[in-house]
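*Asks:* Model the structure of this input:
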Amino acid sequence: MTEGHKKIIAENRKARHDYFIEDTYEAGLVLKGTEVKSLRIGRANLKDSYGKITNGEVFVHQIHIGAYPFAYYDNHNPLRVRKLLLNKKEIKKLYGKVNEKGFSLVPLRMYFLNGKAKLTLAVVKGKRKYDKRVSIRQREQKRDLDRQRKEYK
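*Replies:* Sure, this is the predicted structure:
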C-alpha cells in the first residue's frame, strides 16, 4: 500500500512518557459529520483517553472532540464513546494482549490519511516512577552529547 498524505490532528505525548509501547495498530473511526468538521479545524484532545474491547468490538473513551462552532443545532457530544474499525484478527490479538496483567489500550495519534480519520492505537504497559526517571536521564544525556558534538564541530 502506498503511503498517502497524512495530516496529524492530535497527538498523545504524555502516553510515551507514562507507558512502554508494546505494539501499535491503525484503526478507522466511526464519526458523525460535525465531528469530522471539528477534526478538520484541529479541535481534538487525546489526553486521558483509553480503549476498551466490548462484545468483540473496540471502543475508545474520553477522546474530546470539540463542538463544531458553525453548527447551529444537532452538534455532537464532545466526550461520546466512539467505535474503532479493525479486522477481527486484529481485535482477537488485542483481546489476548489486553487480558494479560498490566496491559491496556491507549490512543497515540489521530490523523487524516487520504481524507479518512484514523487513530493509532497502542498496547501499552505502565511505567513506574523509576522507569520515568531513567528515561528522563537518558534523554538529558543524549541532549548533552549532541551539544558537545555541535561545539566540537
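*Asks:* do you know how far the closest residue to residue 32 other than its chain neighbours is from residue 151?
*Replies:* Excluding its sequence neighbours, the residue lying closest to residue 32 (C-beta to C-beta, 6 or more residues apart in numbering) is residue 76, at 4.9 Å. Every C-beta, even on glycine, is put in place using the N, C-alpha and C of the backbone. Using C-beta to C-beta, to the nearest Å, residue 76 is found at 53 Å from residue 151.
*Asks:* Over to residue 42?
*Replies:* 38 Å.
*Asks:* more neighbours, the two?
*Replies:* residue 42 (11 against 7; other C-beta atoms under 10 Å).
*Asks:* In this protein, where's the longest helix?
*Replies:* helix 129-152 (DSSP state H).
*Asks:* what packs against it?
*Replies:* Judged by 3 or more C-beta pairs under 8 Å, 6 or more residues apart in numbering; DSSP states H and E, helix 129-152 is in contact with helix 13-18.
*Asks:* which residues of this structure fall in strands?
*Replies:* 6-11, 19-29, 44-45, 50-54, 57-61, 64-65, 82-85, 103-113, 116-126 (DSSP state E).
*Asks:* among these, which is nearest residue 37?
*Replies:* strand 64-65 (9.9 Å; C-beta to C-beta).
*Asks:* Would you mind naming the residues that bridge with residue 106?
*Replies:* residue 122 (DSSP bridges).
*Asks:* Understood, closing this out.
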